[in-house]
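show me how the following folds:
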Amino acid sequence: MSQAAEITPFTLQGAVGTLAAWDCVPPSGIETRGTALLVPGFTGSKEDFTALLPLVARGGFRCVAYDQRGQYESEGPDDPSGYGIDDFAADLLGVVGQLGGPVHVVGHSFGGYVARTAVVHAPARFRSLTLLASGPSSLDDIAFPPPGAIADLIESGGQEAMWDMMSPALLGSTSDDSKTNFLHRRLLATEKANLVGILRAMQRYPVTPAIVRAAGIPILVAYGDTGDLWAPEIHASFAAELGARTAIYPGVGHLPNEERPQDVSADLVKFWTEVVGS
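The predicted model follows:
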């Protein structure tokens with residue numbers, strides 16, 4: 001029996017400071033067939049992939065997750081202007097270089113916006129793109145308050161004002177006090193400028209599906225079907241525009257990586273294995 005895959009903290013270098021990261025390599029006896037890079041979304045962090053990393057590593061892929069600039073334990077600028085999509089994408093490309101790329105990139109929610117932008121900028125540095133619970137935009141096709149209104153709230157009231165407004169959505173149905181405390185602590189540790197900058201960036205449509213498809217790398221669109229943010233038909237239409245494969249998780253919301261990590265890891269490993277063998 002092979003050993004369990006263990007998560008190891010380490011540090012990456014971003015364009016404006018250090019990025020806190022986790023590394024999980026295949027256990028002894030399992031061949032490493034590639035590297036996967038997991039990018040968290042708005043208000044997220046590497047911890048969103050706690051359950052997923054060891055499962056993916058056991059499938060034969062080194063798995064790295066990091067806090068984006070200004071998120072949780074990563075450094076970042078104190079001005080919202082330093083948090084445009086291209087700024088995040090530049091950090092991602094820098095991380096790929098530090099990992100010795102090319103990689104299989106997985107972007108969750110807003111992390112998918114960042115990932116698809118980076119893929120368009122430098123497609124040769126990626127083996128595949130997975131958009132996990134990440135729809136086409138944060139404009140009219142999403143069940144989310146207007147990003148500009150939330151940005152105004154944070155600018156006037158800070159992270160606590162956002163917590164008061166959005167904690168029901170962030171917590172979902174959890175009754176786990178330790179998770180609640182962590183999510184609150186993480187939000188307070190995240191730079192105010194990060195939150196405002198991302199929300200301002202959400203007011204514009206990310207790089208279009210046609211441009212992403214033209215990059216020519218294999219794409220997987222994976223999502224739950226409860227329509228927490230994007231309705232299933234929005235995800236399906238988006239996948240068709242991208243020419244992507246799909247993985248759908250019945251009864252799952254915006255966090256398939258936490259709600260159904262075994263299924264997500266199996267789909268990722270299957271997808272990457274097919275990409276490697278093609």
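
for the protein, name the helix or strand with the lowest mean pLDDT.
helix 147-171 (a mean of 88; mean pLDDT, DSSP states H and E).

list the contacts of that one.
Defining contact as Cβ atoms under 8 Å, 6 or more residues apart in numbering, one finds that helix 147-171 is touched by 43, 80, 138, 179-180, 183-184, 187-188, 190, 192, 195-196, 199-200, 202-203. C-beta coordinates here come from the backbone N, C-alpha and C atoms, glycine included.

which of the residues you listed fall within strands?
Among the contacts of helix 147-171, no member is found in strands (DSSP state E).

buried members of those residues into ChimeraX, please.
Selecting the buried subset of the contacts of helix 147-171 in ChimeraX, with 16 or more other Cβ atoms under 10 Å as the burial test, is done by:
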select :43,80,138,183,184,187,190,192,195,196,199,200,202
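
quick one, helices of the protein?
Using DSSP state H, the helices found in the chain span residues 52-58, 85-99, 110-121, 147-171, 177-189, 192-201, 209-214, 232-242, 256-259, 261-277.

out of those, which comes closest to residue 220?
Residue 220 lies closest, by Cβ to Cβ, to one member of these: helix 261-277, at 4.9 Å.

put the alpha carbons of that closest one into CSV.
The C-alpha coordinates for helix 261-277 follow below in CSV (Å, rounded to 0.1, in the frame of the first residue of the first chain):
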residue,chain,number,x,y,z
PRO,A,261,-13.7,16.1,-3.7
GLN,A,262,-13.4,12.4,-4.6
ASP,A,263,-15.6,12.9,-7.7
VAL,A,264,-13.8,16.1,-8.7
SER,A,265,-10.4,14.5,-8.3
ALA,A,266,-11.4,11.4,-10.3
ASP,A,267,-12.7,13.6,-13.2
LEU,A,268,-9.5,15.8,-13.1
VAL,A,269,-7.2,12.8,-13.2
LYS,A,270,-9.2,11.2,-16.0
PHE,A,271,-9.1,14.4,-18.0
TRP,A,272,-5.4,15.0,-17.5
THR,A,273,-4.6,11.3,-18.2
GLU,A,274,-6.3,11.6,-21.5
VAL,A,275,-4.5,14.9,-22.3
VAL,A,276,-1.1,13.4,-21.5
GLY,A,277,-1.9,10.3,-23.6
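
other SSEs contacting that helix?
Packed against helix 261-277, as judged by 3 or more Cβ pairs under 8 Å, 6 or more residues apart in numbering; DSSP states H and E, are the following elements: helix 52-58, strand 103-108, strand 126-132, strand 219-224, strand 245-249, helix 256-259.

pick the most deeply packed of the ones you listed.
strand 103-108 (a mean of 28; mean count of other Cβ atoms under 10 Å).

and that one, how far out from the chain middle?
Distance, stretch centre to chain centre, for strand 103-108: 7 Å (Cα atoms, centre = their mean, to the nearest Å).

got it, and stretch 200-220?
The chain centroid and the centroid of stretch 200-220 are separated by 14 Å under Cα atoms, centre = their mean.

what's in contact with it?
With contacts defined as Cβ under 8 Å, 6+ apart, stretch 200-220 is touched by 42, 80, 83-85, 110, 113, 116-117, 119-120, 123, 126-131, 136-139, 147-148, 151, 238-239, 241-247, 267-268, 271, 274-275, 278.

could you redo the last one with a cut-off of 6 Å?
Outside stretch 200-220, the residues that touch it by Cβ atoms under 6 Å, 6 or more residues apart in numbering are 84-85, 113, 116-117, 119-120, 123, 126, 128-130, 137-138, 147-148, 151, 241-245, 271, 275.

okay, the residue nearest to residue 182 when sequence neighbours are not counted: pLDDT?
If the residues on either side of it in the chain are set aside, residue 182 comes closest to residue 47, at 7.3 Å by Cβ to Cβ, 6 or more residues apart in numbering. Residue 47 carries a pLDDT value of 98.
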